[in-house]
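A.B. asks: structure for the following, please:
(one chain, ligands or ions: 2)
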Amino acid sequence: MKVCCIGAGYVGGPTCAVMALKCPDIVITLVDKSSERIAQWNSDKLPIYEPGLDEVVKKCRNVNLFFSTDIETAIKDADLIFISVNTPTKISGNGKGRAADLKYVESAARMIAEIAQSNKIVVEKSTVPVRAAESIMHILRANQKPGIHYDILSNPEFLAEGTAINDLLNADRVLIGGEETPEGHQAVEKLSWIYEHWIPKKHILTTNTWSSELSKLAANAFLAQRISSINSLSAVCEATGADVSEVARAVGLDSRIGSKFLQASVGFGGSCFQKDILNLIYICENLNLPEVAAYWQQVIDMNDYQKRRFSQKIIESLFNTVSDKRIAILGFAFKKNTGDTRETAAITVCQTLLEEGAKLDIYDPKVEPEQIIDDLTHPSVTESPENVKKAVQIHSDPYSAVRSTHALVVCTEWDEFVDLDYTRIYQSMMKPAYIFDGRKILDHERLQQIGFHVQTIGKKYQRTGLLRSWGIVPQL
Ligand SMILES: NC(=O)c1ccc[n+]([C@@H]2O[C@H](COP(=O)([O-])OP(=O)(O)OC[C@H]3O[C@@H](n4cnc5c(N)ncnc54)[C@H](O)[C@@H]3O)[C@@H](O)[C@H]2O)c1
Ligand SMILES: O=c1ccn([C@@H]2O[C@H](COP(=O)(O)OP(=O)(O)O[C@H]3O[C@H](CO)[C@@H](O)[C@H](O)[C@H]3O)[C@@H](O)[C@H]2O)c(=O)[nH]1
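C.D. replies: Ligands and ions are numbered 1, 2, ... in the order given. Just a heads-up that it's a prediction; the model follows:
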């Protein structure tokens, strides 16, 4: 079997790499319209950072996994084509700010329709609105050449960045939606056969096309809702003296609730949660279900509130002004083990501090400096990119980032931040020295002993100065 995947991004790359690793009898060609991205996939420095990805790509590249810009040949040769292009939120026109922009999916479908000379199974891997397969089908069948048959399947991807290889190798489930016709069933069987190379058959779930499309949006909505729920309670904890980690543990031990995705934080980021919930909201509004739309809108509103609340806490703690104060930002990616910054909470935190006149010293182990500057100078973030450039310094080492700063803010939960030498950091910072742990990863008691003023999410710490004057915290 020959497989083509259109879209060599965070999903297309790792998915095809694992498929190639597990299916030596299948030839997979991953194509993209970006020649720069394809050149990177063919080089030693892959375009995305994902633990374990390098090894898999090196094993399969030019054996049964090929990266190419020759979209035409790849489509012509393939029996099965994954569409794995981006589906961002629309930025203009109908549904602006909410609906998914399907222009890339549409252009992929049109290319297939134009080029195909034999039967194709077309698989929607991108996350799309319910009934998007209908539009793809419409485009393909309206341009159908005589004797060519198309089957359309929905096969949403559930991998998370930072754990993509493991998620793909050990998927909780693979979901395949298809038409309820004999040809549809056959197409589902063919795609299922690929996954059966490494996924137990009982984990391969088949449904109708629309259930499959909606399940993807539903899964992301449920996951994000858990984060917004615990984050909402983090505000209650800070106001009452409860500790959100203790609450999350107590709640999560109920086997009906479960312990995962209850980590209170500065707010969820990433390219999917917000986009997919907005997409769900838009669908609900169009289906005249305003109560359902409003319900899911709250998940986004709570996340925005959490990002704002954390940023404001920093300003208030620093005597209500950060003007000309140096603040170190540790971590810029939307989560650890990725260099991806799409919708990262760090952007909101930095934007708020910059608007208040702060100078930022930013360190992230995997995000490229140009990416940070691009994100912070984007027109949606600032009207004065030149001022931002003057106020921001990117560092390649955390100790240089914190030197002479008034405060240190943890925005991403990178493991390396846990083991930094905080005594050395304290000595190099201005006093009083503040730490704002937006990820709840640091040892706060120890930091207080060193002399830091510590603030985190979902737990109120007494000001160390007061504790010290009462003789509760020893002087080091
Ligand atoms: N990033 C994730 O973790 C993740 C996980 C599950 C599902 N998804 C979904 O998967 C889809 C892809 O996401 P991503 O993060 O990989 O996006 P991405 O932006 O990293 O990659 C998409 C790629 O598609 C290419 N492309 C767009 N139109 C094209 C065309 N007509 N021909 C050839 N190439 C084209 C772009 O150049 C880009 O390289 C989205 O719908 C997303 O919601 C993403
Ligand atoms: O308890 C938690 C768990 C996550 N997060 C944050 O939530 C965001 C998203 O994290 P995660 O879901 O781990 O990463 P993504 O790569 O965005 O993956 C999500 O989005 C993908 C794209 O649709 C789906 O395929 C995945 O199943 C889904 O987990 C990140 O900012 C995390 O820091 C928290 O704040 N608290």
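
A.B. asks: what's around residue 222, how many residues?
C.D. replies: 11 (other CB atoms under 10 Å). All C-beta spots, glycine's among them, are computed from the backbone N, C-alpha and C.

A.B. asks: need the pLDDT of the residue of the stretch 351-476 of the chain at minimum distance from ligand 1.
C.D. replies: Here the stretch 351-476 of the chain gets closest to ligand 1 at one residue, residue 371, 13.2 Å apart by CB to the nearest ligand atom. Residue 371 is assigned a pLDDT of 98 by the prediction.

A.B. asks: hmm, it is touching residue 342, no?
C.D. replies: No - applying CB atoms under 8 Å, one finds residue 371 not in contact with residue 342, separated by 10.1 Å.

A.B. asks: list the contacts for the closest residue to residue 17 other than its chain neighbours?
C.D. replies: Using CB to CB, 6 or more residues apart in numbering and skipping the chain neighbours, the partner closest in space to residue 17 is residue 56 (4.5 Å). Contacts of residue 56 were listed using CB atoms under 8 Å, 6 or more residues apart in numbering, and they are 14, 17, 18, 20, 21, 165.

A.B. asks: point me to the helix or strand that includes the third one.
C.D. replies: To tie it back to what came earlier, the one meant is residue 18. helix 12-22 (DSSP states H and E).

A.B. asks: list the buried ones in stretch 23-31?
C.D. replies: 23, 26, 27, 28, 29, 30, 31 (16 or more other CB atoms under 10 Å).

A.B. asks: and what of stretch 222-238?
C.D. replies: Buried residues in stretch 222-238, defined by neighbour count with 16+ other CB under 10 Å: 223-235, 237-238.

A.B. asks: so which of those belong to strands?
C.D. replies: Counting by DSSP state E, the buried residues of stretch 222-238 place none of their members in strands.

A.B. asks: so which two of those are the farthest from each other?
C.D. replies: In terms of CB to CB, the buried residues of stretch 222-238 reach their longest pairwise distance at 223 and 238, which sit 23.7 Å apart.

A.B. asks: how is this protein divided into domains?
C.D. replies: Following the assignment in the TED database, the chain carries domains at 2-199, 217-300, 302-456.

A.B. asks: leaving out chain neighbours, which residue sits closest to the residue of the chain found nearest ligand 1?
C.D. replies: Using CB to the nearest ligand atom, the single residue of the chain nearest to ligand 1 is residue 9, 1.9 Å away. Among residues not flanking residue 9 along the chain, residue 86 sits closest, at 6.5 Å (CB to CB, 6+ apart).

A.B. asks: quick one: what helix or strand has the residue nearest to residue 17 in it?
C.D. replies: helix 53-60.

A.B. asks: could I get the contacts of residue 56 in TSV, plus columns for distance to ligand 2?
C.D. replies: Listed next are the contacts of residue 56 as TSV, based on distance: CB to the nearest ligand atom, whole Å:
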residue	distance to ligand 2
14	11
17	16
18	14
20	20
21	20
165	13
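
A.B. asks: quick one: which of those residues is most hemmed in?
C.D. replies: residue 17 (29 neighbours).
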